[in-house]
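>>> Sequence first, predicted model second:
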Amino acid sequence: MYSFIKKTLKSIISKQFLFKNELRFRCFYGILYSGKKHQCNICKKQLKAFVKLHNEDLLCPFCGSLSRNRRLWKLLNDDKVLKGNILHFSPSRNLYRTLKAKPEINYFSSDFENEFLADYRFDITNIRQNNETFDAIICYHILEHIIDDQKAMSEIYRVLKPNGKIYIQTPFKTGDIYENNKIITPEERLEHFGQEDHVRIYSVEGLTKRLEKASFKVEQKLFIEENEEDFYLGLKTSETVLIAKK
């Protein structure tokens with residue numbers, strides 16, 4: 001039902017109008033899911049259930065957050081990094097709105113392809129900011145799109161302050177990183193990498209080694225067993241997040 005409503009609205013209403021009025025549209029639908037069994041930790045709405053998508057992910061009907069958005073939000077708050085200058089590449093709309101509303105941070109949201117809500121258009125391989133500008137960087141589902149990912153890692157290291165952290169997630173596989181620079185068409189990339197604009201599939205160990213080569217210290221956060229809080233917040237397992245520190 002959710003996918004049908006979303007597809008119908010997108011077919012008759014402009015993207016700009018939908019983005020501007022998204023929370024109003026979601027509020028009407030979200031009322032159907034109001035309850036006490038769960039809570040979205042981003043918009044704070046209590047729910048009887050999350051919307052289960054075709055890929056088994058759990059979506060908040062009020063703000064549109066996915067499980068990975070809520071997990072990230074929990075990590076950022078638990079680590080107390082939401083202060084100073086925050087750089088966020090291609091932010092989800094729910095986190096963009098939440099972070100932009102926080103007066104205690106200077107929020108730099110960036111989308112190079114102009115597909116997301118963002119205030120800047122930084123090229124991750126050539127970030128036009130001074131050295132050691134940012135206290136924390138969010139780089140979720142970005143690096144698998146970047147041909148020269150090692151240059152991107154070098155750039156984010158450069159603009160990150162000493163002791164700053166970068167939160168990184170991509171699709172992961174077991175074994176080695178799979179990439180092939182001869183695979184260039186959207187059709188080939190879909191077949192080999194799972195999405196038309198992906199250029200590789202990382203493994204956790206492979207991405208960790210590349211980040212370490214760029215001088216980061218890397219912590220692997222693996223979430224493999226659901227607990228009561230995960231269930232309450234709609235956090236999915238298994239999930240991996242890399243936290244790289246300068």
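Thanks, I have it.

>>> Spell out the residue ranges of the strands in this protein.
Shown for the chain, the strands assigned by DSSP state E span residues 34-39, 46-47, 51-52, 58-59, 84-89, 105-110, 134-140, 160-169, 172-173, 178-179, 200-203, 217-223, 239-245.

>>> partners of the third one, with directions?
Each strand that strand 51-52 pairs with, and the sense of that pairing, follows from DSSP bridges: strand 58-59 (antiparallel).

>>> residue nearest the centroid of the protein?
Y140 (3.7 Å; Cα atoms, centre = their mean).

>>> Of the strands of the chain, give the one that comes closest to L233.
strand 34-39 (6.5 Å; Cβ to Cβ). The way it works is simple: take the backbone N, C-alpha and C, and place the C-beta from them, glycine included.

>>> looking at it, K74 is touching L233, isn't it?
Yes: contact criterion Cβ atoms under 8 Å: K74 and L233 qualify, at 7.0 Å.

>>> circling back: turn the strands of the chain into JSON lines, columns for mean pLDDT and distance to N126.
Converted to JSON lines, those look like this (pLDDT from 0 to 100; distance: least, Cβ to Cβ, whole Å):
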{"stretch": "strand 34-39", "mean pLDDT": "95", "distance to N126": "41"}
{"stretch": "strand 46-47", "mean pLDDT": "96", "distance to N126": "42"}
{"stretch": "strand 51-52", "mean pLDDT": "92", "distance to N126": "39"}
{"stretch": "strand 58-59", "mean pLDDT": "96", "distance to N126": "34"}
{"stretch": "strand 84-89", "mean pLDDT": "98", "distance to N126": "13"}
{"stretch": "strand 105-110", "mean pLDDT": "96", "distance to N126": "12"}
{"stretch": "strand 134-140", "mean pLDDT": "98", "distance to N126": "15"}
{"stretch": "strand 160-169", "mean pLDDT": "98", "distance to N126": "15"}
{"stretch": "strand 172-173", "mean pLDDT": "95", "distance to N126": "27"}
{"stretch": "strand 178-179", "mean pLDDT": "96", "distance to N126": "21"}
{"stretch": "strand 200-203", "mean pLDDT": "97", "distance to N126": "20"}
{"stretch": "strand 217-223", "mean pLDDT": "97", "distance to N126": "23"}
{"stretch": "strand 239-245", "mean pLDDT": "97", "distance to N126": "19"}
